[in-house]
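1. mind looking at a prediction? Sequence and model below.
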Amino acid sequence: MSPDKLAYMANQIATFFRHAPREEAVSSIAEHISNFWEPRMRRQFFELLAREKERFDPLVQDAGQHVRPVAEA
């Protein structure tokens with residue numbers, strides 16, 4: 001998936017949860033990405049977040065540390 005599309009999708013999730021208190025929003029974003037993004041997308045998310053975190057909404061940046069890691073094969 002293109003980096004632009006991945007960042008766009010993550011930021012859409014942040015927009016959806018923005019109404020919630022910050023801690024709840026961060027937790028909900030991390031839970032959504034952990035539960036619904038396949039490992040390949042999560043791996044790309046972690047790489048992009050480490051390289052270009054400015055692409056992501058601050059809520060997504062904070063949620064990144066709570067997203068379930070990708071198990072190594």
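-> That came in fine, so what should we check first?
2. which parts of this structure are helices?
-> Along the chain, counting by DSSP state H, helices occupy 3-17, 22-36, 39-51, 58-63.
3. single out the most deeply packed of those helices.
-> Each of the helices of the chain was scored by mean neighbour count; the highest is helix 58-63, a mean of 20, by mean count of other CB atoms under 10 Å. For every residue, glycine as well, the C-beta is placed using N, CA and C.
4. including mean pLDDT and distance to residue 70, could the helices of the chain go into TSV?
-> As requested, the helices of the chain are exported to TSV (pLDDT from 0 to 100; distance: least, CB to CB, whole Å):
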stretch	mean pLDDT	distance to residue 70
helix 3-17	98	14
helix 22-36	98	10
helix 39-51	97	5
helix 58-63	98	15
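5. which of those sits closest to residue 69?
-> helix 39-51 (7.8 Å; CB to CB).
6. can you list the residues that contact that closest one?
-> Here helix 39-51 makes contact (CB atoms under 8 Å, 6 or more residues apart in numbering) with 1, 3, 6-7, 10, 33-34, 37, 55-56, 60-61, 64, 67-71.
7. how far off helix 22-36 does it point, in degrees?
-> Computed by axes from the mean of the first three to the mean of the last three CA atoms, to 10 degrees, the angle separating helix 39-51 from helix 22-36 equals 140 degrees.
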